[in-house]
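Q: A structural model of the following input is requested.
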Amino acid sequence: MSISISNITKLYGKQKALDNLSVEINQGEIVGLLGPNGAGKSTLMKILSGYIPPTSGQAKLMGFNVLEDDLEVKRRIGYLPESNPLYNEMYVMEYLNFVAGIYRIKDKKARINEMIELTGLQKEKHKKIAALSKGYKQRVGLAQTFIHNPDVLILDEPTSGLDPNQLVEIRSLIKEIGKSKTVLFSSHIMQEVEAICDRILIIKEGKLIADSPKNEIQQLWKDKEIIIVEFKETIDTDSLALLSGIHNIETTDDGKLKITVDSQNDIRPMIYDFAKNNNLTLIGLQSAEISLEHIFQSLTQ
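A: Next comes the predicted model:
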């Protein structure tokens, strides 16, 4: 077992950041940690990396207790915090040499060159970190996270603030690294989680509310479905929401209605009747694929 979390609770004064949370993650899994702001994601990652202690409960990485065996844990993890605290006045090669020295890596030069190649920093390796773009700074952060060949990678918002091209590059990098390692990462970008993860954890107010393999995540919404409805006219959505079986109505950017309904009942005849009774022109009615974003909103709102 790469990560074992047992009944972890964390209090900041009277505020409960984590509430009796338990979960186990196997070696070789890439796991996405999701939750709204303030759910406890960063707190959990800081506990796992040994930066802060839990109030109660225990966490183990590769069999080592994060409190009692903190040095052994730190040898076996690579941690990239959300803020990515780099030494901006240092050059890329200089910084990676410094980090390699901290971990007492024997053949530093070979390992640094390997990380430069893996993270695509060849053209930037002689630049100062301060001169790098956000995307390349993230690459440097990932290089230092992986340089000591850890068993577990803990990545807190590794794609935050990146442009679309950088997102694709960092996503590919995480997937490549994750082929042989256990990866736990948090993100607010649902598409990133769907593209990278084998398994998804969702926490809310410090509690684990969902734990599912990615290919089974839609089972969390097995009693609901999404339909897209388009009327020619502007309608009163409050009146439409009164129809039996409708849970939620959202208006999309192009003026269509995204409606969450019970999957057990076919609501389409009621929508046809609603249009007829209100002299409306119904020009579109179709089912939509349930996305991770729908499930996340349903569970956390």
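Q: which residues sit against the helix or strand hosting residue 299?
A: Residue 299 belongs to helix 292-300 when assigned by DSSP states H and E. With C-beta atoms under 8 Å, 6 or more residues apart in numbering as the test, helix 292-300 has contacts from 34-36, 39, 190, 193-194, 200, 202, 204, 209-210, 217-218, 220-221, 224, 226, 260. C-betas here are computed from N, CA, C, even on glycine.
Q: Tell me the buried residues in it?
A: Residues of helix 292-300 classed as buried: 292, 294-296, 299-300 (neighbour count, 16 or more other C-beta atoms under 10 Å).
Q: what does stretch 268-278 give?
A: 270-271, 274-275.
Q: Using CSV, write out every CA atom in that stretch.
A: Provided in CSV are the C-alpha atoms of stretch 268-278 (Å, rounded to 0.1, in the frame of the first residue of the first chain):
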residue,chain,number,x,y,z
ARG,A,268,-39.7,14.8,-22.6
PRO,A,269,-43.6,14.5,-22.9
MET,A,270,-44.0,17.1,-20.1
ILE,A,271,-41.6,19.5,-21.8
TYR,A,272,-43.5,19.1,-25.1
ASP,A,273,-46.7,19.9,-23.2
PHE,A,274,-45.1,22.8,-21.4
ALA,A,275,-44.1,24.3,-24.8
LYS,A,276,-47.6,23.8,-26.2
ASN,A,277,-49.4,25.2,-23.2
ASN,A,278,-47.2,28.3,-23.2
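Q: pLDDT (mean, whole number) over it?
A: Averaging pLDDT along stretch 268-278 gives 89.
Q: got it, and stretch 181-191?
A: Per-residue scores along stretch 181-191 average to 85.
Q: tell me the strands in the stretch 201-301 of the chain, going along the chain?
A: Applying DSSP state E, counting those that start in this stretch to the stretch 201-301 of the chain gives strands spanning 207-213, 224-231, 246-251, 257-262, 282-288.
Q: quick check: angle from the fourth one to strand 282-288?
A: Using axes from the mean of the first three to the mean of the last three C-alpha atoms, to 10 degrees, the direction of strand 257-262 lies 50 degrees away from that of strand 282-288.
Q: I believe residue 188 is in a helix; please confirm or correct that.
A: No. Under DSSP: H, G, I helix; E, B strand; the rest coil, residue 188 sits outside any helix and is assigned coil.
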